[in-house]
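Curious how this folds, go ahead:
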Amino acid sequence: MRLPLDGIRVLDLSWIIAGPTATRLLAIMGAEVVKIGSSRRPDPSYSGPAFHSYNQSKHYASINIASEQGVEIVRTLASLSDVVIENFATGVIERRGLGYQELRKLNPSIIMISSSGVGHTGPKKDHVAYGSLLQHYTGWNSQSGYPGGTPIKGGLWADPWVGMELAMVIATCLNYRASSGEGQYVDFSMAEALVGSMAMSVIHQQITGQPLLPQGNEDYFDLHSGVYPCEGDDRWVSLSVRSLEQWRSLCDLVGALEFKSENPKNTLSKRGANNFISNWTRQHSDLEATEALQSLGIASAPSWNVYHVYQDDFLKESNYLVETETNDGETRFMPGVPWWFDDGLTPNVKAAPKLGRDNRLIFRDLLGIEDKEYLGLVKSKVLE
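Okay, here's the model as predicted:
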């Protein structure tokens, strides 16, 4: 039995998080991902936890593509690959002779994905941006926070989001090639991908002429929602009331009887009820509060920090968190993928590799480079 992408080879020239997230998903689905890096320009996340998470199940070869010989080796690898993904600044990959028009001469059916901050055309094509900056540029960060507050700063939500979209784009291109035999070039803009994830905000602006402002823990569609403190240190419970029947049940539960017949959207009613809800939740653990609320048909869940998530037995029993020896020799519970296959196949989840670990496999076994030439490439720092 085969994993869905068995037999597909992906040449990964990307770095940081978005591109590696995409190729990680492809590798877990069975693709042979050959990640290219260099000690001359190391991935900024290489020594951190992000690298361990976003580069699982890949081969990792070291090539200095600033050298002409390095470029030729990458061209040869591209000729043997189904997909090439890169996220260099606009024009860099073309100046190195690795643009789509050059690669398709070597491999007419190749699929090439170029991911950049704002795309490779238009007046801003030369702007270099990272996910955290694009979250501000696109208005993403203005959607989170409390009413009247400043936009939320920091966080790397854009990169994994874009990585998932890139994986879907690549899968779509492979599906198209399977039916037509044709390769494709995709100019992927992270900014446009982020704006596409804010459809409600964009439509609200078009209809009302006003931006959709942050609402804190409120929800646009709920009658009442919030996050409330529970018994213990830094323990919280979230709840979402979607109907008047649920609102009345909540008021009964927490003793806010005077607000049962009030409109939960009314500001004064909301504040008054919140006092009763907080007083009640403080007397219960997050799990006890969740169970009591759910028993009344009210959507509820503990609001955990990462430590509590990491300790959750469900994620380990379901094999989402898998004990893995990482490339630094430590044993850690690492994230897998939230799906399994009906026929019993296990997703291909392996530890992220060290830079250059697979040089011999790639250069000798795949490309057939003889020992003498290989050692010469190492000595001349083409393979570093």
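
domain ranges for the chain?
9-197+322-379, 224-308 (automatic domain parsing).

Adding mean neighbour count, distance to G216 and mean pLDDT, write the ones you listed out as JSON lines.
C-beta coordinates here come from the backbone N, C-alpha and C atoms, glycine included. Formatted as JSON lines, the domains of the chain follow (neighbours: other C-beta atoms under 10 Å; distance: least, C-beta to C-beta, whole Å; pLDDT from 0 to 100):
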{"stretch": "domain 9-197+322-379", "mean neighbour count": "18", "distance to G216": "4", "mean pLDDT": "92"}
{"stretch": "domain 224-308", "mean neighbour count": "17", "distance to G216": "8", "mean pLDDT": "94"}
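
Dump those to TSV, plus distance to R2.
TSV is the format used below for those (distance: least, C-beta to C-beta, whole Å):
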stretch	distance to R2
domain 9-197+322-379	7
domain 224-308	35
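
Tell me where the stretch 251-384 of the chain has strands.
Under the criterion DSSP state E, counting those that start in this stretch, the stretch 251-384 of the chain contains strands at 299-302, 321-325, 331-335.

Ok, which of those strands comes nearest R41?
Distance to R41, taken as C-beta to C-beta, is lowest for strand 331-335 among the strands of the stretch 251-384 of the chain, at 25.9 Å.

helices and strands around the closest one, which ones?
If you count contacts as 3 or more C-beta pairs under 8 Å, 6 or more residues apart in numbering; DSSP states H and E, strand 331-335 packs onto helix 49-54, strand 321-325.

S243: which of the strands of the stretch 251-384 of the chain is closest?
strand 299-302 (10.8 Å).

Give the pairing partners of that closest one; include direction for each.
In the sheet, strand 299-302 lines up against strand 236-241 (antiparallel) (DSSP bridges).

which residues touch the partner strand?
With contacts defined as C-beta atoms under 8 Å, 6 or more residues apart in numbering, strand 236-241 is touched by 217, 219, 222-230, 247, 250, 264, 277, 281, 286, 289-290, 293, 298-304.

CA atoms only: put it into CSV for me.
What follows is strand 236-241, C-alpha atoms only, in CSV (Å, rounded to 0.1, in the frame of the first residue of the first chain):
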residue,chain,number,x,y,z
TRP,A,236,-9.8,29.5,32.4
VAL,A,237,-13.0,28.4,30.7
SER,A,238,-14.6,29.7,27.5
LEU,A,239,-18.2,29.6,26.6
SER,A,240,-20.5,30.5,23.7
VAL,A,241,-24.2,31.1,24.0
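
Out of the strands of the stretch 251-384 of the chain, flag the one nearest I111.
Here strand 331-335 is closest among the strands of the stretch 251-384 of the chain (C-beta to C-beta), at 26.9 Å.

ok now the next helix or strand after the closest one, how far from the chain's centre?
As assigned by DSSP states H and E, the chain's next helix or strand after strand 331-335 is helix 359. When C-alpha coordinates are averaged (C-alpha atoms, centre = their mean, to the nearest Å), helix 359 and its chain have centres 28 Å apart.

List the contacts of helix 359.
A61, S62, L383.

which residues touch the lengthiest helix in the chain?
Taking DSSP state H as the criterion, the chain has its longest helix at helix 158-180. Here helix 158-180 makes contact (C-beta under 8 Å, 6+ apart) with 5, 8, 10, 16-26, 54, 82-83, 85, 109, 111, 113, 115, 131-132, 134-135, 140, 182-184, 186, 188, 190, 193-194, 197.

cool, and stretch 209-228?
139, 142-147, 149, 200-201, 204-205, 236-244, 246-247, 250, 264-265, 270, 273-274, 277-278, 281, 289, 303.

residues contacting the residue lying farthest from the centre of the chain?
In the chain, the residue that sits farthest from the middle, by C-alpha atoms, centre = their mean, is E258; the gap is 45.4 Å. Residues in contact with E258 (C-beta under 8 Å, 6+ apart) are G272.

for Q215, phi and psi?
For Q215, the backbone dihedrals (degrees, to the nearest 10) come out as phi -120, psi 10.

How much space separates it from W140?
15 Å (C-beta to C-beta, to the nearest Å).

Looking at the contacts of helix 359, which one is closest to V322?
Of the contacts of helix 359, the one sitting nearest to V322 (C-beta to C-beta) turns out to be A61, at 25.2 Å.

Which secondary structure state is assigned to that closest one?
strand (DSSP: H, G, I helix; E, B strand; the rest coil).

Spell out which residues sit in contact with it, please.
Counting by C-beta under 8 Å, 6+ apart, the residues that A61 touches are V34, K35, I36, G37, G356, D358, N359, I362, F363, L383.

give me every residue that touches the second one.
Yep, that's K35 we're talking about. By C-beta under 8 Å, 6+ apart, the residues touching K35 are D12, P20, T23, N55, K58, H59, Y60, A61, P353.

does it belong to a helix or a strand, and which?
Element membership for K35, per DSSP H and E: strand 32-37.

in its sheet, what does that strand sit against?
According to DSSP bridges, strand 32-37 forms sheet pairs with strand 9-12 (parallel), strand 59-62 (parallel).
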